[in-house]
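> Dropping a prediction and its sequence here:
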Amino acid sequence: MLSGVTIEKIRKFNEDRKWDEYHNGKDLAISLCLEAAELLEIYQWSKDDLDCNNKIDKIKEELADVFIYAIQIAQKYNLNIDEIVNNKIQRNAQKYPLDRENKF
């Protein structure tokens, strides 16, 4: 579970380095996508081990980058992470009710 302490550490890390001036919404979103692509790259050509269990440390590293950029976007726009995630879960529950056959 992500804590407020962790979110504050991310904010302070950037503030201490004066990186906020470079963190506009567009560049944060681009960076999020680039980090997500690095996460995806771990799975590329993983024919025999689709879960890439032998690369778990790299998965953790890239996933952390994705989370950090997502949090920074939320901070940039003063978004409440709990609120927006819970709202999305509610919308998904309406869109995909339990009684609906789960086909993709």
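Now that the structure is in, tell me what you want to look at.
> Could you report the separation of residue 13 from residue 28?
Between residue 13 and residue 28 the distance, using CB to CB, to the nearest Å, works out to 14 Å. C-beta: built from backbone N, CA, C; applies to glycine.
> and what of residue 18?
Shown here: residue 18 relative to residue 28, a distance of 16 Å by CB to CB.
> How about residue 78?
For residue 78, the distance to residue 28 - CB to CB - is 14 Å.
> Skip ahead from the helix ranked longest in the chain and say which helix or strand is next.
In the chain, taking DSSP state H as the definition, the longest helix is helix 56-76. Where DSSP states H and E defines the elements, the next helix or strand beyond helix 56-76 is helix 81-95.
> Mind giving me the packing neighbours of that next one?
helix 56-76 (3 or more CB pairs under 8 Å, 6 or more residues apart in numbering; DSSP states H and E).
> Buried residues, the helix it packs on. List them.
Residues 62, 65, 66, 68, 69, 70, 71, 72, 73, 74, 75 are the ones in helix 56-76 that count as buried (16 or more other CB atoms under 10 Å).
> Where does pLDDT dip in the protein?
Residue ranges of the chain with pLDDT under 70: 1, 100-104.
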